[in-house]
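K.L.:
Below is the sequence, then the predicted model.
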Amino acid sequence: MLVLASASPRRRELLAQAGYKFEVRPAHIPEDPLPGEDPIVYVTRLAREKAEAVFREMIGANETAGKGRLDGQSSLAVLGADTTVTLDNAILGKPEDAADAARMLRLLSGRTHRVITGVAVTTAEGTQVAAEATAVKFLTLSEEEISAYVASGEPLDKAGAYAIQGRAARWIPRIEGCYFNVVGLPLALVVSMLESCKVRD
């Protein structure tokens, strides 16, 4: 059984697009970066913590239901992921409010930043962890464009305060790397990891 340890509708849609059948069980863990934490270390740490937390919950629930520890462990795979935006190696997470979203968009305006997703797959045999990075070029944004975009509400729950699959697409002339990574789940990497863990669609 495959479980997605994320509440993200984008990740759910992408995993389904890849042909997988799965359950959704969001992980509830603190997502703040540690002081001075490298962005790749940050997203892979969170991906691992999410996957392992949900794996423990599922095994515990299986034992409570009297189904036996071994059966539950042997058939269970939990996928965790975390995505962040980085500029000059600084982490731009989800904005705290509209003003913070506008601040982030001003930082990204006219520059190229990186989107990094950490991915973890936890099974009875342990946890595999990997990361994918994509470079994203932004056009220069006017204050009017920033204000209108923030007012739309779209940036407020997105790392880096934008969604490439939404209205912000108009400001992105090119990317280098995996598009799906910018949306929130690098599909080719995820499929490779699941196949190595013998998880089938």
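P.N.:
Received the coordinates, thanks.
K.L.:
Wait, S147 touches A102, no?
P.N.:
Yes: using Cβ atoms under 8 Å, S147 is in contact with A102, at 7.1 Å. No exception for glycine: its C-beta is placed from N, CA and C like everyone else's.
K.L.:
Okay, buried residues for stretch 150-170 please.
P.N.:
Across stretch 150-170, burial judged by 16 or more other Cβ atoms under 10 Å covers 150, 154-155, 158-164, 168.
K.L.:
I should have written stretch 118-128 there, sorry.
P.N.:
Buried, per 16+ other Cβ under 10 Å, within stretch 118-128: 118-123, 127-128.
K.L.:
Between these, which sits nearest V85?
P.N.:
V85 has its nearest neighbour among those in G118, at 13.1 Å by Cβ to Cβ.
K.L.:
In this protein, where is pLDDT below threshold?
P.N.:
Low-confidence segments of the chain, defined by pLDDT under 70: 62-73.
K.L.:
can you point me to the longest helix in it?
P.N.:
helix 39-64 (DSSP state H).
K.L.:
Next, please give the residue ranges for the helices of this protein.
P.N.:
9-17, 39-64, 69-75, 98-108, 143-151, 179-183, 187-196.
K.L.:
which one of those helices lies closest to A27?
P.N.:
Comparing those by Cβ to Cβ, helix 39-64 comes nearest, at 3.7 Å.
K.L.:
Which pair of the buried residues of stretch 150-170 spans the longest distance?
P.N.:
Between any two of the buried residues of stretch 150-170, the greatest separation by Cβ to Cβ is 16.5 Å, found for V150 and I164.
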